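> Structure for this input, please:
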Amino acid sequence: MQTGSDPLDLDLQLDYLPRLPRDRQVPIGCIGAGFIMSDCHLPAYRQSGLNPVAITSRSPGKAAEVARRFNLRHYASCRQMLDDGQIQVVDIAVPPDVQLDVVREIVGQPGPVRAILAQKPLGINYSQAREIVDLCRQAGILLAVNQNMRYDQSVRACRDLLRRGYLGQPVLATIDMRAIPHWMPWQQRQGWVTLRIMSIHHLDTFRFWLGDPERVFASVRPDPRTGRQFAHEDGICLYILEYADGARASAWDDVWTGPAREGAAGDLGIRWRVEGTEGLARGTIGWPSYPARTPSTLDFSTLRRPGYWFQPRWNEVWFPDAFAGPMAELLCGLEDGASPELSGDDNLRTMALVDACYLAAREHRAVELSEITGSA
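This next block holds a predicted model:
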């Protein structure tokens, strides 16, 4: 990490990288052979010395190809892979509308599986996510959810600034996304575009920085471009989170961004900002430049050094480097006998926040999180 000069000797060795387990040889079995597995999970695991050993997929040809690329054993089915008897951790990368069935198959089969890393969104809604969490708990299987934006280097570094008190009491956090993602075919089955696919990252990041809000306001409209392909409601999404301590968070998740793909000049990017009573942090997310390796950035100022901008930098990037973080955290949880920060129980509150945004937009009102979770 490059820190530059430090006029006040502030500690700029920010906690922006994942903690790795002591034992990196725990055998991991992978379910799914699409982009997220082949281009994100597996390269990041290999780079961090983790130990994926096997793979299966509904597309046997893809599984075989990815197996050759990463020197894995490949199996025709999940059952065959688990019957091998060696897999202790299962990494699931399948569409959300089939994830529950995959979890049921894993927990229903005797064997040495001790932990599961599931994809976000954890099912198609809060209720289904709750069922997945309950199934894993009943089976004694540790569950973590791949909310990988928490391991984007700038997001994690900002969390460390907040923890150290460099920014003081949080006042306002914002994320402004202007990007055109690559949509997956399964999204059309659900009629989803942004809230469960992109906004879920930002809602979870706000929770990571500020904790759980009390309520949310949301407004959505279809994306004109994607609307020509399939019907949906949540193309362009605007939402505001209200916190009991007075903090506010807001995001503009715009996957239209104007007719950039149709030939107009574009202005793509993701910018974020956190204002506190004693400092200000601002940053960019490098992901929209993928596959170019563009690190996210962080600048911050603090009353501990008036008038000065600190600009720590690093070489790591979100896609794919940060994808080692959730799996490493899960393996550390196994070693420590502790619940991972990205646990299924924690992720239920992110899922509830997404459901609350849908409800708030449809009913044009503020929605309390307790309306989704059922808790007071």
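> okay but residue 115 is in contact with residue 89, surely?
Yes. Between residue 115 and residue 89 a contact is recorded at 4.7 Å, counting by Cβ atoms under 8 Å. In short, each C-beta sits where N, CA and C put it, glycine included.
> which residues are common contacts for those two?
330-331, 334 (Cβ atoms under 8 Å, 6 or more residues apart in numbering).
> show me what contacts the residue lying closest to residue 330 once chain neighbours are set aside?
Distances taken as Cβ to Cβ, 6 or more residues apart in numbering put residue 144 closest to residue 330, at 4.1 Å, once the chain neighbours are dropped. Counting by Cβ under 8 Å, 6+ apart, residue 144 touches 115-118, 326-327, 329-330, 333, 340, 342-344.
> Can you name every helix or strand that the helix or strand of the chain with the lowest mean pLDDT contacts?
Scoring the helices and strands of the chain by mean pLDDT, DSSP states H and E places helix 185-190 at the bottom, with a mean of 91. Identification of packing neighbours for helix 185-190 by 3 or more Cβ pairs under 8 Å, 6 or more residues apart in numbering; DSSP states H and E yields helix 96-107.
> I'd like the list of the shared contacts of residue 115 and residue 89 that fall within helices, please.
Using DSSP state H, 330-331, 334 are the members of the shared contacts of residue 115 and residue 89 that sit in helices.
> The residue nearest to residue 330 in helix, strand or coil?
strand (DSSP: H, G, I helix; E, B strand; the rest coil).
> Specify the beta-bridge partners of it.
Beta-bridge pairing of residue 144 under DSSP bridges involves residue 117, residue 343.
> Name the surrounding residues that touch stretch 273-280.
158, 161-162, 165-174, 209, 281-283, 300-304.
> Could you export that stretch as CSV, CA atoms only?
The C-alpha coordinates for stretch 273-280 follow below in CSV (Å, rounded to 0.1, in the frame of the first residue of the first chain):
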residue,chain,number,x,y,z
ARG,A,273,-18.5,9.8,-0.2
VAL,A,274,-18.7,9.7,3.6
GLU,A,275,-19.0,12.9,5.6
GLY,A,276,-18.4,12.9,9.3
THR,A,277,-18.2,15.5,12.1
GLU,A,278,-14.4,15.4,12.0
GLY,A,279,-13.5,14.4,8.5
LEU,A,280,-14.5,13.5,4.9
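> Could you give me the buried positions within that stretch?
274-276, 279-280 (16 or more other Cβ atoms under 10 Å).
> Strands - which of these land there?
Using DSSP state E, the members of the buried residues of stretch 273-280 that fall within strands are 274-276, 279-280.
> of these, closest to residue 260?
The closest of those to residue 260 turns out to be residue 274 (Cβ to Cβ; 27.6 Å).
> pretty sure residue 218 is in a strand, no?
Yes. Per three-state DSSP, residue 218 lies within a strand segment.
> count of residues packed around it?
27 (other Cβ atoms under 10 Å).
> who's in contact with it?
237-240, 356-358, 360-361, 367.
> out of those residues, who's nearest residue 77?
residue 358 (34.2 Å).
> Mind pulling the model confidence for the closest one?
Looking at residue 358, its pLDDT is 98.
> Which secondary structure elements does the helix or strand where it lies sit against?
In this structure, residue 358 sits in helix 344-363 according to DSSP states H and E. With contacts taken as 3+ Cβ pairs under 8 Å, 6+ apart, helix 344-363 sits against helix 126-139, strand 142-145, helix 200-210, strand 215-221, strand 236-242, strand 367-368, helix 370-373.
> Which one, of these, ends up nearest to residue 311?
Among those, helix 200-210 sits nearest to residue 311 (Cβ to Cβ), with 19.7 Å.
> and that closest one with strand 215-221, angle?
160 degrees (axes from the mean of the first three to the mean of the last three Cα atoms, to 10 degrees).
> Make sure I have this right: residue 249 is in a strand.
Yes. Assessed with three-state DSSP, residue 249 lies in a strand.
> For residue 299, see how far away it is.
19 Å (Cβ to Cβ, to the nearest Å).
> Which parts of the protein belong to which domain?
Using automatic domain parsing, the domain ranges for the chain come out as 28-148, 153-317+344-373.
> hmm, back to that, contacts made by the least confident helix or strand of the chain with the rest, please.
95-97, 124, 193, 196-197, 229-230.
> Point me to the residue sitting closest to the centre of the protein.
residue 147 (2.4 Å; Cα atoms, centre = their mean).
> contacting residues for it?
Contacts of residue 147 (Cβ under 8 Å, 6+ apart): 120, 200-201, 204, 326, 342, 347, 350.
> okay, those in TSV with distance to residue 35, pLDDT and neighbour count next?
Shown next, in TSV, are the contacts of residue 147 (distance: Cβ to Cβ, whole Å; pLDDT from 0 to 100; neighbours: other Cβ atoms under 10 Å):
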residue	distance to residue 35	pLDDT	neighbour count
120	15	97	24
200	17	98	23
201	16	98	24
204	20	98	25
326	17	98	27
342	21	97	27
347	22	98	25
350	22	98	26
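> And those, which two are furthest apart?
Once Cβ to Cβ is applied, the contacts of residue 147 give 200 and 326 as the farthest pair, at 14.1 Å.
> low-scoring stretches of the stretch 251-376 of the chain, by residue?
Applying pLDDT under 70 to the stretch 251-376 of the chain picks out residues 375-376.
> can you tell me how far residue 271 sits from residue 174?
On the measure of Cβ to Cβ, residue 271 and residue 174 end up 8 Å apart.
> again with residue 168
Taking Cβ to Cβ, one finds residue 168 at 17 Å from residue 174.
> same check, this time on residue 93
Taken as Cβ to Cβ, the span from residue 93 to residue 174 is 30 Å.
> what do you get for residue 277?
For residue 277 relative to residue 174 (Cβ to Cβ), the value is 16 Å.
> and what of residue 194?
Taken as Cβ to Cβ, the span from residue 194 to residue 174 is 17 Å.
> higher neighbour count, those two?
Using other Cβ under 10 Å, the more surrounded residue of residue 194 and residue 174 is residue 194, with 27 against 18.
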